[in-house]
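Engineer: Need the 3D shape of this:
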Amino acid sequence: MDIGKAFTFVTDDENWIMKLVIGGIIMLIPIVNFAGFGYMAEVIRRVRNDDPDALPDWGDFGQFFADGLKLFVGFFIYALPMVLVACVVAGIGAATGSLGDSANSDTLGGAMAIVMIGAQCIMFLLALIPTLLAPAIFARFAEEGTIGSMLRFGDVIGFATANLGSYIVVLLISAVVMYIIAPLGVIACVVGVIFTAWWAYLVFAHLTGQLARQNSMMV
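Structural biologist: You can find the predicted model right below:
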């Protein structure tokens, strides 16, 4: 994998500054930011296909938004077990609160504390599923462009494990870029919000596209 290229490919485009600024602004707007994730899928697609113009124009905004909406649905389905656990815990908490009285409040409080700790551990583990599978989910969608492509769990797991070493590299580098390097842009205030966070997403997309290309060559 060309890790360095993932960090610098955006500057190969003569209009890269404007494209990054537009992407950064879009990602700040709820719902509208679905288009940003669709844009990432297109970057993955282009890198996978060795397209020299890896950074697309924003002219096809409608398609980017539609793809981003599909990606949202796919990731929501992966996150659904965690959401259901949270809802069950909230329901139990509400029911316990309404039934509790001074005589047994201590017992109920202790039991609820144990339940909450256990539930938080379960939710953390469930939250890891879409996080760890994100490159595979994005890559599968970029290849076929359908919600169903993300939900064929065997294919998603197969993608993740086909080149496990490179897959782990993508996860680790993406984590460093998104959670360590990108937040440094906060120092520059607006510049950090508009530029570094969106740039980090594009690094992830390029790395995922490289991984998809590697996996396709192994078939």
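Engineer: Show me the residue at the heart of this protein, geometrically.
Structural biologist: residue 134 (5.3 Å; Cα atoms, centre = their mean).
Engineer: In contact with that one, which residues?
Structural biologist: Neighbour list for residue 134: 75, 204 [criterion: Cβ atoms under 8 Å, 6 or more residues apart in numbering]. Yep, even glycine has a C-beta here, placed from its N, CA and C like the rest.
Engineer: and residue 46, what helix or strand is that in?
Structural biologist: Per DSSP states H and E: residue 46 is located in helix 34-48.
Engineer: any residues touching that helix, and which ones?
Structural biologist: 23, 26-27, 51, 53-56, 58, 61, 63-72, 138-139, 141-143, 145, 198, 201-202, 204-206, 208-210, 212-213, 216.
Engineer: Okay, and which of those map to helices?
Structural biologist: Assigned to helices by DSSP state H, the following of the contacts of helix 34-48 qualify: 23, 26-27, 61, 63-72, 138-139, 141-143, 198, 201-202, 204-206, 208-210, 212-213, 216.
Engineer: From the residues you listed, list the buried ones, please.
Structural biologist: By neighbour count, with 16 or more other Cβ atoms under 10 Å, the ones in helices among the contacts of helix 34-48 hold 23, 26-27, 63-65, 67-72, 138-139, 141-143, 198, 201-202, 204-206, 208-210, 212-213 as buried.
Engineer: Please tell me how far the spatially closest residue to residue 36 that is not a sequence neighbour sits from residue 68.
Structural biologist: Distances taken as Cβ to Cβ, 6 or more residues apart in numbering put residue 27 closest to residue 36, at 4.6 Å, once the chain neighbours are dropped. Distance, residue 27 to residue 68, by Cβ to Cβ, to the nearest Å: 10 Å.
Engineer: could you point out where the protein is predicted with low confidence?
Structural biologist: By pLDDT under 70, the weakly predicted segments of the chain are 93, 95-109, 185-194, 218-219.
Engineer: could you redo the last one with a cut-off of 50?
Structural biologist: Counting by pLDDT under 50, the chain shows low-confidence ranges at 102-103.
Engineer: before we move on, the earlier item: overlap in contacts, residue 27 and residue 68.
Structural biologist: Joint contacts of residue 27 and residue 68 (Cβ under 8 Å, 6+ apart) are 33, 36.
Engineer: The residue nearest to residue 36 contacts residue 201, doesn't it?
Structural biologist: Yes. Here residue 27 reaches residue 201: they are 7.4 Å apart, a contact under Cβ atoms under 8 Å.
Engineer: follow-up on the earlier one: from the chain's centroid, how far away is the helix holding residue 46?
Structural biologist: Chain-centre distance of helix 34-48: 12 Å, with Cα atoms, centre = their mean, to the nearest Å.
Engineer: If anything else comes up later, I'll come back, but that's it for now.
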